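Asker: Coordinates for the following, if possible.
(one chain, ligands or ions: 2)
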Amino acid sequence: MPLERCSKCGNSPSGGLQNCSGCHGATGAYCSRECQVAHWKVHKPVCRPLEDNQVWGIKILDNRYQPWSTQFQHVLLDPSHPIFTQGELCPLTEQCGFPLLIYSDAIHGGLKAYEDNQPAVYLRIEAADGFAPAHWQFNMPGTCSVVRQDRKLLTKEAIEIVYSYHSHLLDMADPDFIPLGNGPWSRRPSPRSLKTFADDYRKEEIQREGRQGFDYFP
Ligand SMILES: [Zn+2]
Ligand SMILES: [Zn+2]
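Answerer: Ligands and ions are numbered 1, 2, ... in the order given. The predicted structure follows:
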């Protein structure tokens, strides 16, 4: 599936995009040489031609590996990975038009885990009440994997933004909420609210930390 937008800036120029020669455009395509050069440090770990139907996801290491910035790791998944059949839809991501599937090696795979996974539990919270379901609360999820439901590249930057969005929503949530249709949320999570959050987050990271890696977020 050819990329439709520049992996760095998100533009789709009328002249088309130049595929990255390292991955044959599987995970990188650019509107300009400048964008490609600026994006190389971020792109390098996923610059690899994909075999049939492989999908780049994110492995979320358990809490022993905190902080979350080191818990997120790229992982290349074969189409036979159980995440595609047993993975659970992360409810808020679906509501926000960026549906992600999450799979716990312990909860779904039956591998014993002794560690919690805070980012994973946040991603699994229900839109209606802000709590993870019982099987996530009473079992240690251990290491988890996440993919985009549409099987497109899930970048570390995107998972960072989505996780931070969940964290932000939970910070702003009303603990004594009266169900009026928004659940516990001060504003209803939506594609628009995620997009606004992503734009602000990116701007802030660039200004504060000088992080140039932030690429286009759908
Ligand atoms: Zn560009
Ligand atoms: Zn590449």
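
Asker: mind listing the helices for this protein?
Answerer: 33-43, 68-71, 83-86, 91-95, 118-123, 134-137, 156-172, 191-209 (DSSP state H).

Asker: so which of those helices gets nearest ligand 2?
Answerer: Distance to ligand 2, taken as C-beta to the ion, is lowest for helix 33-43 among the helices of the chain, at 5.6 Å. (Glycine included, C-beta is placed from N, CA and C.)

Asker: got the contact list for the closest one?
Answerer: 6-9, 18, 20, 27-28, 30, 155-157, 212-213, 215 (C-beta atoms under 8 Å, 6 or more residues apart in numbering).

Asker: can you tell me the average pLDDT over it?
Answerer: Helix 33-43 carries an average pLDDT of 92.

Asker: Repeat that for stretch 15-24.
Answerer: In this model, stretch 15-24 has a mean pLDDT of 94.

Asker: So for it, first residue to last residue, what's the gap.
Answerer: The first residue of stretch 15-24 is 18 Å away from its last residue (C-alpha to C-alpha, to the nearest Å).

Asker: Name the residues of that stretch that are buried.
Answerer: Of the residues in stretch 15-24, 17-18, 20, 22-23 count as buried by neighbour count, 16 or more other C-beta atoms under 10 Å.

Asker: For ligand 2, tell me which of these show up nearby.
Answerer: 20, 22-23 (C-beta under 5 Å from the ion).

Asker: closest to ligand 1 among the residues you listed?
Answerer: residue 20 (12.1 Å).

Asker: hang on, that closest one packs against residue 29?
Answerer: Yes - using C-beta atoms under 8 Å, residue 20 is in contact with residue 29, at 6.5 Å.

Asker: picking up where we left off before, most tightly packed of the helices of the chain?
Answerer: Highest mean neighbour count of these: helix 118-123, a mean of 23 (counted as mean count of other C-beta atoms under 10 Å).

Asker: Now do that helix: everything it contacts.
Answerer: 60, 63, 66, 68, 71-72, 90, 92-93, 100, 102, 104, 132, 136-137, 141, 144, 146, 162-163, 166-167, 170.

Asker: Take that helix, keep the C-alpha atoms, and write them as PDB.
Answerer: In PDB, the C-alpha atoms belonging to helix 118-123 read as follows (Å, rounded to 0.1, in the frame of the first residue of the first chain):
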ATOM      1  CA  GLN A 118       0.700   1.200  33.100                       C
ATOM      2  CA  PRO A 119       0.700   2.600  29.600                       C
ATOM      3  CA  ALA A 120      -1.100  -0.600  28.300                       C
ATOM      4  CA  VAL A 121      -3.800  -0.300  31.000                       C
ATOM      5  CA  TYR A 122      -4.300   3.300  30.100                       C
ATOM      6  CA  LEU A 123      -4.800   2.400  26.500                       C
END
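
Asker: Let me see the contact set for the residue nearest the centre of the chain.
Answerer: Centroid-nearest residue in the chain, with C-alpha atoms, centre = their mean: residue 159, separated by 2.6 Å. Contact analysis of residue 159 by C-beta under 8 Å, 6+ apart lists 58, 60, 72, 146.

Asker: and if you look at residue 140?
Answerer: 62, 106, 113-117.

Asker: Could you list the residues of the protein in contact with ligand 1?
Answerer: 6, 8-9, 31, 35.

Asker: Looking at those residues, state which has the most neighbours.
Answerer: residue 8 (25 neighbours; other C-beta atoms under 10 Å).

Asker: Report the separation between that one and residue 43.
Answerer: Taking C-beta to C-beta, to the nearest Å as the measure, residue 8 falls 8 Å from residue 43.
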